[in-house]
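Peer 1: compute the structure for the input listed below.
(chains A, B, C and D)
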4 protein chains.
Amino acid sequence: MNTFGRNFRITTFGESHGKALGAVIDGCPPGILLDETDIQALLDRRRPGRSPLSSPRQEADRVEILSGVFEGKTTGTPVAMIVRNQDTRSGDYEDLREVFRPGHADFTYQEKYGIRDHRGGGRSSGRETIGRVAAGALAMKLLAMHGIAVAGRIVSVHGKTEPAAIEAEILGTKNAGDSVGGIAEIVATGCPAGLGDPVFGKLDALIAGAMMGIGAVKGVEIGDGFAVAEKFGSVNNDLMTKDGFASNHAGGILGGISSGQDIIVRIAVKPTPSIAKTQQTRDINGKVVDISVGGRHDPCILPRIIPVAEAMLALVLADSLLEVRKYR
Amino acid sequence: MNTFGRNFRITTFGESHGKALGAVIDGCPPGILLDETDIQALLDRRRPGRSPLSSPRQEADRVEILSGVFEGKTTGTPVAMIVRNQDTRSGDYEDLREVFRPGHADFTYQEKYGIRDHRGGGRSSGRETIGRVAAGALAMKLLAMHGIAVAGRIVSVHGKTEPAAIEAEILGTKNAGDSVGGIAEIVATGCPAGLGDPVFGKLDALIAGAMMGIGAVKGVEIGDGFAVAEKFGSVNNDLMTKDGFASNHAGGILGGISSGQDIIVRIAVKPTPSIAKTQQTRDINGKVVDISVGGRHDPCILPRIIPVAEAMLALVLADSLLEVRKYR
Amino acid sequence: MNTFGRNFRITTFGESHGKALGAVIDGCPPGILLDETDIQALLDRRRPGRSPLSSPRQEADRVEILSGVFEGKTTGTPVAMIVRNQDTRSGDYEDLREVFRPGHADFTYQEKYGIRDHRGGGRSSGRETIGRVAAGALAMKLLAMHGIAVAGRIVSVHGKTEPAAIEAEILGTKNAGDSVGGIAEIVATGCPAGLGDPVFGKLDALIAGAMMGIGAVKGVEIGDGFAVAEKFGSVNNDLMTKDGFASNHAGGILGGISSGQDIIVRIAVKPTPSIAKTQQTRDINGKVVDISVGGRHDPCILPRIIPVAEAMLALVLADSLLEVRKYR
Amino acid sequence: MNTFGRNFRITTFGESHGKALGAVIDGCPPGILLDETDIQALLDRRRPGRSPLSSPRQEADRVEILSGVFEGKTTGTPVAMIVRNQDTRSGDYEDLREVFRPGHADFTYQEKYGIRDHRGGGRSSGRETIGRVAAGALAMKLLAMHGIAVAGRIVSVHGKTEPAAIEAEILGTKNAGDSVGGIAEIVATGCPAGLGDPVFGKLDALIAGAMMGIGAVKGVEIGDGFAVAEKFGSVNNDLMTKDGFASNHAGGILGGISSGQDIIVRIAVKPTPSIAKTQQTRDINGKVVDISVGGRHDPCILPRIIPVAEAMLALVLADSLLEVRKYR
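Peer 2: As a prediction, this is how the structure comes out:
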């Protein structure tokens, strides 16, 4: 299923070593100023090759808008955007054609489809997020028109919270041929109360599904999240004051509907599966083999996952924003 | 949005103090043996009044099947089930008509809809889960035909893990007029590999959305969950052996698709908002008032949320199971 | 698939001889006055036993609203309505348990599901429209708030257009143990321009699907319909004037979007398959048998199909009306 | 809404004078041989400039597949296809920027979106069908694997049925600066019984919606269609024989489910709105003006609409074919 959203609907396509990746955005309101520069900035934040801390694959990832815009404004018709792959070194993956890389989706894709594009992970590759981020950039434009902003940050990497320690951790891990994970937090400010559609379109449910669906994410929490498990109700309840709330343990969502407070989401990101260290695995014929994944991989996905998480939160909020208009 | 699922689709309805609650299940395969006893067992696990640890509201919650069954088997047409409310003490809520109970959805429902059934929380009440559990019981029947089972358990309540300590914690909290939260774990066994539909119908994404959408849930994690944030890739990767996997840090899902291993999900449940302790809040006219929520409330939702979480996991798996049939 | 609509979503359930039939309406805006009398009037127009021209089955078809209403107004939560079957003479159908009645869905349901409730046609029965009509009545309330009305009429029965001739045709056919079909027209007045969502949610496409989905309908046309096949463009184009249009060959829809003119739809209804005249058919074992369908059947469905067609048009318009609010 | 289908889902994009048009197909089973030549043939049948009877606009309409294929086979991931516009003479439309062409969607698009790409009709142009036809070609491949074929033909143009008379009619009309409409028939052979999902996913309902959604279509009928309005039930019922059916008045669909017989659909196509003859209309400022639509237009759309109608029928059948697999 490659379509996300009910009103601001995105359909993404593309594989790591295919011709192009992209997205079609259907349901974007008409009259919004849009050109490639609006999208490029967020794409640039996710692409590889920009820092010694990430994959050295060189992709300009220049987006091209194919439809849905006329004289600089959206027309209300589908907006299609594509990004062509350039620096595909498919040869890097020839040895991996029949091997299931540990921690990756190789085995499960083979089980499910009976065929898989092994190059760079095919559609299971992180490059698939190009479509989501491009669409998310457009969602952010719509949100901005309503005073809503989303911003993500790294909370910790391998338990470290201080920036210099984080950088050292990542480089050290890279040199050791291993990888690390961490926690990111994404906050939406300026959301009006009333977004979200109980009982199955609750805002926190949509956000959880959006975040958990990002590759490498293994946990999602809202507000105080898992910490609520050790709190009393008298402490966890956000009391109401004359003007608003006295606290925000709920993370901006009550009963699945936004309360007007900041929406606070945290995600747990697993360490990158592709590591140089030798590991044992199985190949397509059931034979046990050793594997050391060379190639150009991120020792830690956190920095590049932030724009993806921002994009997904923006998409959920844009979708919910359009939904509530039906009742005003 | 009150419909969940793409193939095994459920639509629920009903409020805490309305005439009846229920669900319509559309897309259940034909030929499955079904009568009320199949559903009643799971409903009985969720209903109130069964233990001193939970709400004393007395509801038999007897389910009645209205359609979709002929001579004891499903026909492939929609199965409608209803449960009529009996022990509604709407008078208990008259004082709360215009007050926003802290931690509840009163304020957000008012903001969103401009009107709300304040009695017992209306549709935001935990009684709304009757429809989900009834439908989930039918999903479990379908899963059982494929050797798939789901089972939930309490991991901890307010940090306590030992059963006697948990019971003492809940009773003590109740006596103190307060409430506690905790963590539950739900495991699915017997799942084949291949369930889940990247990129937006990934199994873990669907599960996360299903769980976070249960009232009171503030966090969801799969497999090692948030613990992956402090692990190295060389440790977190589940290595493959000749016969399967050497470990299951992934919780049974890789790349959004089931791997054949047990699917392990954990949810963080917040302490019940309704407590006897006096708290400050606001009413519909903006006036600050004190509130002590009397009535019949659970000091801890964990025991009664387990069948709901099992039901939601069963619904996701049943839906995904039907999905993969399209490709075989 | 038993759910219709994207915003004003209805899910129907129920079979001819099951316990009850009904519908759940999800997405109805809050604040609308609603009680059973709003629904009963339209249901009364569709029920049998009201005239010598229709089936003599006696069903009061009293509707009961189970949820979604508080102090007389919709709350924005799902509205569930049920109608219990009373006058089911299942014995009438015992002989037909294994026989495929010509022109009915018996054979195709058996092929598709491998099991069927043969009594009264099960879910393929015209009684299934109870859910649609109940939901349609609620849609009509919403439309009325916007000055939109739908009204249907019989255009012809077996080629006859004059009321007395139509009545004579139906009675004569009934006495002959046969049945007749006809054409109905449904018009929506007061629709604003702008309803409909190209390219796959075009208003005429949604209407065509809604109408053709009514049992016994074999053709749908909009505006001049099939007559456009023999007209020149210079004649068929509706020229625009200072205040509107000079004609309405288009039937109120251009490019899939309403133009503000009356929306004109016509449907072709086949003669009732159940006739007393002896016909040849096959049974479930492949044996050729003669069949004379006794029981209580309409010699002509037209009169009772009008409220169903009105309901379906109302549902499409209500759904599209909510859709356009997203862009204002 | 630019997505069609529940299982074999297509999302189309593109305008007449934008950069490119295309489609993303999501849900196509893996393992199907696919390259551009499979798609090009059907696209070639729809493109302009191929005959003196159609528009002289010269577009090669070469399709490029961007994703979803690996070593010549579909992977089960989204297949994106694009066609770039080449022969756009936007200058031809400058005079029409503010004028509402009679019979076109100019007025309704302006009303709905408040902005429109006037060049060549923007998204309301017949070029939009490129995406549908490309996707339909892929659907036809899937159907062919199951022995199902769809084929369309012109039944009549302006009442003429004989080929030479039809050609003369079209040329004569073109010379007169006018246009004509007609009727087309599309037949699907080889369909198994059981396709279609009552009550709102009935096969005939899906087909009706698919056909009526093609620009210029004003009527759809199945089997004997509107002719059933003047037949007796004893004549219209398709009696069953030992091996099948004695007739096919139903057009292959009973109760919304395919019966195994040929599926017969007819559509009424209106005369092309764009004609050279002078007509009266209104401009965006409400001023009445005369208009003569020059440019390169088809005097009759029938020949080029056939592949579009075939594509839409193929899409419905492919979608329904995947649906029934869920129950086997």
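
Peer 1: C-alpha only now, for contacts and for neighbours.
Peer 2: Noted.

Peer 1: mind listing what the residue of the stretch 101-250 of chain A found nearest chain C touches?
Peer 2: Proximity to chain C, evaluated over the stretch 101-250 of chain A using CA to the nearest CA, is greatest for A:Pro198 at 8.3 Å. By CA atoms under 8 Å, 6 or more residues apart in numbering or on different chains, the residues touching A:Pro198 are A:Gly255, A:Gly256, A:Ile257, B:Met1, B:Asn2.

Peer 1: repeat that with 6 Å
Peer 2: Residues near A:Pro198 by CA atoms under 6 Å, 6 or more residues apart in numbering or on different chains: B:Met1.

Peer 1: what of A:Phe245?
Peer 2: A:Leu239.

Peer 1: check A:Gly201 too.
Peer 2: B:Met1.

Peer 1: look up the residues forming beta bridges with it.
Peer 2: As for beta bridges, A:Gly201 partners with A:Asp197 under DSSP bridges.

Peer 1: distance of it from B:Gly209?
Peer 2: A:Gly201 sits 9 Å away from B:Gly209, going by CA to CA, to the nearest Å.

Peer 1: and A:Met211, by the same measure?
Peer 2: A:Met211 is 9 Å from B:Gly209, by CA to CA.

Peer 1: quick one: check the lengthiest helix in chain A for contact with chain B.
Peer 2: In chain A, taking DSSP state H as the definition, the longest helix is helix A:302-324. No: applying CA under 6 Å from any CA of the partner chain, one finds helix A:302-324 out of contact with chain B, separated by at least 7.9 Å.

Peer 1: tell me, how many residues neighbour A:Gly147?
Peer 2: Using other CA atoms under 10 Å in any protein chain shown, A:Gly147 has 12 neighbouring residues.

Peer 1: how about the contacts made by it?
Peer 2: So, once contact is read as CA under 6 Å, 6+ apart, A:Gly147 ends up touching A:Gly190.

Peer 1: likewise A:Pro29?
Peer 2: Neighbours of A:Pro29 in contact, by CA under 6 Å, 6+ apart: A:Gly76.

Peer 1: one more: A:Ile263?
Peer 2: Per CA under 6 Å, 6+ apart, neighbours of A:Ile263: A:Val187, A:Ala188, A:Gly251, A:Gly252.

Peer 1: ok, what's across the strand from it?
Peer 2: The partner residues for A:Ile263, given DSSP bridges, come to A:Ala188.

Peer 1: pLDDT value on it, please?
Peer 2: Predicted confidence (pLDDT) for A:Ile263: 98.

Peer 1: with A:Arg328 instead?
Peer 2: 69.

Peer 1: check A:Arg57 too.
Peer 2: 76.

Peer 1: and for A:Gly295?
Peer 2: 67.

Peer 1: got phi/psi on the residue of the stretch 101-250 of chain A closest to chain C?
Peer 2: phi -50, psi 150 (degrees, to the nearest 10).

Peer 1: contact residues of chain A facing chain C?
Peer 2: A:Leu322, A:Arg325, A:Lys326.

Peer 1: got phi/psi on A:Met211?
Peer 2: Dihedral angles (degrees, to the nearest 10) for A:Met211: phi -70, psi -50.

Peer 1: and for the one 10 residues further on?
Peer 2: Here the main-chain torsion angles of A:Glu221 (degrees, to the nearest 10) amount to phi -140, psi 150.

Peer 1: surely it and A:Arg266 touch.
Peer 2: Yes: using CA atoms under 6 Å as the test, A:Glu221 is close enough to A:Arg266 to be in contact (5.3 Å).

Peer 1: between those two, which one's more packed in?
Peer 2: A direct count of neighbours by other CA under 10 Å for A:Glu221 and A:Arg266 places A:Glu221 higher, at 29 against 26.

Peer 1: what residues are bridge-paired with that one?
Peer 2: A:Arg266, B:Gly219.

Peer 1: so what's it up against?
Peer 2: A:Val265, A:Arg266, B:Lys218, B:Gly219.

Peer 1: swap the cut-off to 10 Å and go again
Peer 2: For A:Glu221, the contact set (CA atoms under 10 Å, 6 or more residues apart in numbering or on different chains) comprises A:185, A:204, A:207-208, A:211, A:227, A:251, A:264-268, B:208, B:212, B:217-221, B:226, B:267-268.

Peer 1: and if you look at A:Arg84?
Peer 2: A:14, A:17-22, A:59-64, D:66.

Peer 1: mind doing that once more with 7 Å?
Peer 2: By CA atoms under 7 Å, 6 or more residues apart in numbering or on different chains, the contact set of A:Arg84 is A:Lys19, A:Ala20, A:Leu21, A:Asp61.

Peer 1: can you give the contact residues for the helix or strand in which A:Arg132 is found?
Peer 2: In this structure, A:Arg132 sits in helix A:129-144 according to DSSP states H and E. Helix A:129-144 has contacts (CA under 7 Å, 6+ apart) with A:10, A:12-13, A:21-23, A:25, A:38-39, A:42-43, A:149, A:307-308, A:311-312, A:314-315, A:318.

Peer 1: quick check: angle from it to helix A:302-324?
Peer 2: On the basis of axes from the mean of the first three to the mean of the last three CA atoms, to 10 degrees, helix A:129-144 is oriented at 50 degrees to helix A:302-324.

Peer 1: show me which positions of helix A:129-144 end up buried.
Peer 2: A:129-143 (16 or more other CA atoms under 10 Å in any protein chain shown).

Peer 1: do the same with stretch A:46-64
Peer 2: A:46-49, A:53-57, A:59-61, A:63-64.

Peer 1: over to stretch A:214-226?
Peer 2: A:214-226.

Peer 1: distance between the ends of that stretch?
Peer 2: 20 Å.

Peer 1: number of residues surrounding A:Gly172?
Peer 2: 14.

Peer 1: contacting residues around it?
Peer 2: Neighbours of A:Gly172 in contact, by CA under 7 Å, 6+ apart: none.

Peer 1: and it, helix, strand or coil?
Peer 2: helix (DSSP: H, G, I helix; E, B strand; the rest coil).
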